[in-house]
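**Q** Got a predicted structure here, sequence first:
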Amino acid sequence: MTTEDKPGAKPAGHKPLRKSAARLNAVQALYQMDLAATPLSEILAQFESHWIGQEIEGDEIAVADVNLFRDIVSGVVREQRRVDTLLDAALVHGWPLKRIEAVLRATLRAGTYELSERPDVPARVVIAEYVNVAGAFLDREETGMVNAVLDGIAREKRPADFAG
């Protein structure tokens with residue numbers, strides 16, 4: 001039985017699933033760039049040709065919204081100084097971003113980028129998406145941290161999303 005055969009299942013090309021997959025892939029790409037110092041053009045090409053929408057170890061990886069994937073990864077790289085400044089201000093005093101584990105750092109950077117540069121995506125959606133991404137890689141405490149940090153940034157940068 002394929003996913004599409006299950007009652008209530010969304011087709012593989014369903015837009016929200018493609019966007020979620022783009023965010024997950026973006027965090028993975030940012031993590032790899034951080035650890036291996038892989039250049040932006042190389043990481044984009046590598047993910048688009050070898051990871052996005054492929055089968056890996058018997059698991060089919062969801063097809064991602066490639067435009068969103070590219071926007072997030074390129075945007076974080078382009079705006080990293082500003083994104084990191086926002087994150088350092090939002091983190092607990094004494095825990096600068098550079099001291100945070102690489103997957104957590106990549107997740108926070110991607111979420112902060114979307115909150116500051118993608119007003120077309122509701123803040124609550126951005127927060128929920130990156131909490132879900134964090135849940136795929138991190139433990140409950142770190143996932144809670146993603147929620148708290150992104151919520152704080154969202155309330156500062158986009159208060160209208162929380163009015164009413």
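**A** Now that the structure is in, tell me what you want to look at. Remember, it's a predicted structure, so these values are computed and weren't measured experimentally. Numbering: from 1, shown residues only.

**Q** Just give me the residue closest to the centre of the protein.
**A** Averaging the C-alpha coordinates of the chain gives a centre point, and the residue nearest to it by C-alpha atoms, centre = their mean is residue 23 (4.0 Å).

**Q** measure it to residue 151 for me?
**A** Distance check for residue 23 against residue 151: by C-beta to C-beta, to the nearest Å, it reads 17 Å. Where C-beta positions appear, they are placed from N, C-alpha and C, glycine not excepted.

**Q** contacting residues for residue 96?
**A** residue 88 (C-beta atoms under 8 Å, 6 or more residues apart in numbering).

**Q** for the one 5 residues further on, same thing?
**A** Shown here is residue 101, whose contacts under the criterion C-beta under 8 Å, 6+ apart are 138, 142.

**Q** Skipping its backbone neighbours, what lies nearest residue 152 in space?
**A** The spatially closest residue to residue 152, leaving aside those adjacent along the chain, is residue 90, at 5.0 Å (C-beta to C-beta, 6 or more residues apart in numbering).

**Q** Do you know the pLDDT at that neighbour?
**A** Note for residue 90: predicted pLDDT of 92.

**Q** Name the single longest helix found in this protein.
**A** Secondary structure assigned by DSSP state H gives helix 15-36 as the longest helix of the chain.

**Q** any idea of the mean pLDDT for whatever helix or strand comes next after that one?
**A** The C-terminal neighbour of helix 15-36 among helices and strands, as given by DSSP states H and E, is helix 40-50. Predicted confidence along helix 40-50 averages 87 (mean pLDDT).

**Q** again with stretch 131-150
**A** pLDDT averaged over stretch 131-150 equals 94, rounded to a whole number.

**Q** Return the alpha-carbon coordinates of that stretch using CSV.
**A** These are the backbone C-alpha positions of stretch 131-150, laid out as CSV (Å, rounded to 0.1, in the frame of the first residue of the first chain):
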residue,chain,number,x,y,z
VAL,A,131,10.0,22.5,15.8
ASN,A,132,9.0,19.5,13.6
VAL,A,133,12.4,19.6,11.8
ALA,A,134,14.1,19.7,15.2
GLY,A,135,12.1,16.7,16.4
ALA,A,136,13.6,14.7,13.5
PHE,A,137,17.2,15.3,14.8
LEU,A,138,17.1,16.5,18.4
ASP,A,139,15.8,15.6,21.8
ARG,A,140,12.8,17.1,23.5
GLU,A,141,14.7,19.7,25.4
GLU,A,142,16.4,21.1,22.3
THR,A,143,13.1,21.0,20.4
GLY,A,144,11.6,23.1,23.1
MET,A,145,14.5,25.5,22.8
VAL,A,146,13.8,25.9,19.1
ASN,A,147,10.2,26.7,19.9
ALA,A,148,11.1,29.2,22.6
VAL,A,149,13.8,31.0,20.6
LEU,A,150,11.8,31.2,17.4
